[in-house]
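**Student:** Structure for the following, please:
(chains A and B)
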Amino acid sequence: MLDVRGLKKVYEGSGRRVEAVRDLTFTVGAGELVCLVGPSGCGKTTLLKCVGGLLAPTAGEVLLEGRQVTGPPPAMAFVFQEYGRSLFPWMRVRENVELPLKQKNLAKDRRRELVADALRSVDLADAAGAYPWQLSGGMQQRVAIARALAYEPRVLLMDEPFAAVDAQTRADLEDLVRRLWRERAITILFVTHDIDEAVYLGERVVVLSASPTVVQEQLKVDLPDERDQLHTRVAPRFAELRTHVYEQIQAAKRGGGTTKSDAPQPL
Amino acid sequence: MKGANLALGAAGLAVFLALGEAVPRLGLVKEAYFPPTSKIADAFAGELTDSAFWTALGDTLTGWAVGLAVAACAGIVAGVVISVVPYLREATASTIEFLRPIPSVALIPLAVLLYGNELRSVLLLVVYASFWQVLIQTLYGVRDVDPVAEETARSYGLGTWARVRYVLWPTALPYVMTGLRLAAAVALILTVTAELVIGSPGLGARIGIAQNSQAVPDMYALIVVTGLLGLLINVGARSVERRALAWHQSVRGEVTV
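**Tutor:** The predicted model follows:
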């Protein structure tokens, strides 16, 4: 479904050259929920923007269903971390969700249907007439998710979507993502810095190294399909997986320091 | 609280008017140049019954409205185009900074040369003065576009025109509104100035005529009219602003979730 091959992104500007992503190769199968996790500042957002066609990679390519991504493809929807800035305060919730559909030239009835359906999926049917800033943070992020759903993407890209909400809301939103993924059979690429979240949500976890970024490890999450906050998180297998990912990230952080000088760091 | 403020404001105005009445009556200033409030009020009432006054008022409002409309459209379109087209902002910045500080009244001789004392003379000055107010605010407003909002729009496939319409324009609107409010005030000043100096028909010209013919109370009455116009324009502009920006944090106030 989604092929990332040899992706490299170098930012150049004002005499500084920053290699954000060195060489990334991984695939996401159709209908898969893959979590990308890595130490902070490892270029996760850069990677996701390259995948979404918002940034042009310096080298390598991104293929969506075999076709190279050069700009934002209509089969992809993006959910940003900063929901407050990603939703337009001058539009009501309904209009925010509907705007991308207008660009798709859908008929009015069809648009209305999709908007109502998407808002119902995130339990916000009665907030359609409100402005985003009248809603709580968690509700705003649900509006952003509804906007993505109404767009009917085959691939959903989520960039640390729950990093700015409180822990309880976060748990609810994680379950919402799992539910929507199972109901709608969308492919989801979910970026997070939270190891627990990655293991809880993902079918597979891709661990990234520190910047300049490469794939540190790929890990299949062999937890049952039915997950819930109470039981999954205390399951012995969950603890094993999260310990493993945690160790990988610690190793990635230590390894990250050596790439420039190639001298081993003291432990 | 609001009622108390209103009462204080009314009391202050009443004291001001009373002073205006008392000072000339007591002979502290020459009554010929500074007539008491009651005489100005009489002249004001007299003006209201004179059809020539209403024609003059109509002329002034026409000059103001047409000039402001032209300046607003031109300023907004120019501001958006300059911001959207690559390199255009850098290329025009120095020219704008050079042209903007030229006082509009310095163009009066040019206006007379070109159009005599026609309405077009007034419009030239009004448009020149208010155009910059709108343009500069639009340029600032467009610069304020949130990168996340812009990326959101791009990721959902919004093209250039759709991004201008749904992201850039609403972002710039609060600035544009401020620009329009300033431009509306400047446009009135320039309309009256042009009429007074060039003699194009309108309230300004009528003030000049009243002064020449020693109708001092009428002169004051007309000055009061221009003041009231300015007040109305400001109140009107503010109410338009509040309506257009109901979603903006400067208008919506604190929201309890």
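
**Student:** ok, the nearest residue to B:T160 once chain neighbours are set aside - contacts?
**Tutor:** For B:T160, ignoring the flanking residues on the chain, the nearest one in space by C-beta to C-beta, 6 or more residues apart in numbering or on different chains is B:V84 at 7.2 Å. (Glycine included, C-beta is placed from N, CA and C.) When contacts are counted by C-beta atoms under 8 Å, 6 or more residues apart in numbering or on different chains, B:V84 touches B:142, B:160, B:164, B:168.

**Student:** how close does B:V84 sit to chain A?
**Tutor:** 18 Å (C-beta to the nearest C-beta, to the nearest Å).

**Student:** got the residues of chain B near chain A?
**Tutor:** B:146, B:148-149, B:151-152, B:154-159, B:162, B:166-167, B:170, B:173, B:247-249, B:252, B:255, B:257 (C-beta under 8 Å from any C-beta of the partner chain).

**Student:** same thing but 7 Å
**Tutor:** Selection of chain B residues close to chain A by C-beta under 7 Å from any C-beta of the partner chain yields B:146, B:148-149, B:151-152, B:154-158, B:162, B:166, B:170, B:247, B:255, B:257.

**Student:** Return the residues of the stretch 1-150 of chain A in contact with chain B.
**Tutor:** The stretch 1-150 of chain A comes close to chain B at residues A:52, A:54, A:72, A:74, A:78, A:80, A:82, A:85-86, A:88-90, A:99-100, A:103, A:131, A:133-136, as judged by C-beta under 7 Å from any C-beta.

**Student:** Just the ones of those in strands?
**Tutor:** Using DSSP state E, A:F78 are the members of these that sit in strands.

**Student:** Narrow the residues of the stretch 1-150 of chain A next to chain B to just the buried residues.
**Tutor:** Neighbour counting by 16 or more other C-beta atoms under 10 Å in any protein chain shown classes A:52, A:54, A:72, A:78, A:80, A:82, A:85-86, A:88-90, A:99-100, A:103, A:131, A:134-135 among the residues of the stretch 1-150 of chain A next to chain B as buried.

**Student:** Please flag which of the residues you listed sit within helices.
**Tutor:** Among those, the members found in helices (DSSP state H) are A:85-86, A:99-100, A:103.

**Student:** which among those gets closest to B:W54?
**Tutor:** Nearest to B:W54 among these, counting by C-beta to C-beta, is A:L99 at 48.0 Å.

**Student:** pLDDT and distance to A:Y246 added to the ones in helices among the buried ones among the residues of the stretch 1-150 of chain A next to chain B, as CSV?
**Tutor:** Shown next, in CSV, are these (pLDDT from 0 to 100; distance: C-beta to C-beta, whole Å):
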residue, pLDDT, distance to A:Y246
A:R85, 91, 31
A:S86, 93, 30
A:L99, 94, 40
A:P100, 93, 37
A:Q103, 87, 42
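
**Student:** what's the neighbour count on residue 180?
**Tutor:** With no chain named, the answer covers chain A. Using other C-beta atoms under 10 Å in any protein chain shown as the criterion, A:L180 is surrounded by 20 other residues.

**Student:** Chain B, not that one
**Tutor:** Considering only other C-beta under 10 Å, B:L180 is surrounded by 26 other residues.

**Student:** name the element it belongs to?
**Tutor:** B:L180 belongs to helix B:169-198 when assigned by DSSP states H and E.

**Student:** counting contacts, what elements does that helix pack onto?
**Tutor:** Applying 3 or more C-beta pairs under 7 Å, 6 or more residues apart in numbering or on different chains; DSSP states H and E, one finds that helix B:169-198 makes contact with helix B:51-84, helix B:108-115, helix B:119-143, helix B:203-212, helix B:216-244.

**Student:** Nearest approach to B:A18 belongs to which of those?
**Tutor:** Once the helices and strands packed on helix B:169-198 are compared by C-beta to C-beta, helix B:216-244 is nearest, at 16.0 Å.

**Student:** orientation of the closest one relative to helix B:203-212 in degrees?
**Tutor:** Put simply, helix B:216-244 runs at 160 degrees to helix B:203-212, going by axes from the mean of the first three to the mean of the last three C-alpha atoms, to 10 degrees.

**Student:** And the next helix or strand past helix B:216-244?
**Tutor:** helix B:249-252.

**Student:** right, and B:R89 touches B:S83 too?
**Tutor:** Yes - using C-beta atoms under 7 Å, B:R89 is in contact with B:S83, at 6.1 Å.

**Student:** Show me which of the two is the more surrounded one.
**Tutor:** B:S83 (20 against 17).

**Student:** mind checking pLDDT for the closest residue to the more buried one other than its chain neighbours?
**Tutor:** The shortest distance from B:S83 to any non-neighbouring residue, by C-beta to C-beta, 6+ apart, is to B:V142 (3.9 Å). pLDDT, B:V142: 91.

**Student:** about what we covered before: would you point out the most distant pair within the contacts of B:V84?
**Tutor:** B:V142 and B:T160 (13.2 Å).

**Student:** more neighbours, these two?
**Tutor:** Set B:V142 next to B:T160 and count neighbours by other C-beta under 10 Å: B:V142 wins out with 21 against 9.

**Student:** check contacts around that one.
**Tutor:** Residues counted as contacts of B:V142 (C-beta atoms under 7 Å, 6 or more residues apart in numbering or on different chains) are B:79-80, B:83, B:168, B:172.

**Student:** Let's verify A:E217: helix, strand, or coil?
**Tutor:** On the three-state scheme (DSSP: H, G, I helix; E, B strand; the rest coil), A:E217 is labelled strand.

**Student:** Spatially, and excluding backbone neighbours, which residue is closest to it.
**Tutor:** Once flanking residues are discounted, A:E217 sits nearest to A:V207: 4.5 Å by C-beta to C-beta, 6+ apart.

**Student:** does that neighbour have beta-bridge partners, and which?
**Tutor:** A:V37, A:E217 (DSSP bridges).

**Student:** Surely it and A:V221 touch.
**Tutor:** No - counting by C-beta under 7 Å, A:V207 sits too far from A:V221 to count as a contact (11.9 Å).

**Student:** Compare these two (neighbour count), which wins?
**Tutor:** More crowded of A:V207 and A:V221, by other C-beta under 10 Å: A:V207, with 25 against 21.

**Student:** how near is the more buried one to B:V112?
**Tutor:** 78 Å (C-beta to C-beta, to the nearest Å).

**Student:** Please apply the same query to B:N5.
**Tutor:** Taken as C-beta to C-beta, the span from B:N5 to B:V112 is 46 Å.

**Student:** One more: B:I40?
**Tutor:** 32 Å.

**Student:** For the single longest helix found in chain A, list every residue counted as buried.
**Tutor:** Taking DSSP H as the criterion, chain A has its longest helix at helix A:236-256. The neighbour-count check on helix A:236-256 (16+ other C-beta under 10 Å) flags A:238, A:241-242, A:244-245, A:248-249, A:252-253, A:256 as buried.

**Student:** Lovely, talk soon.
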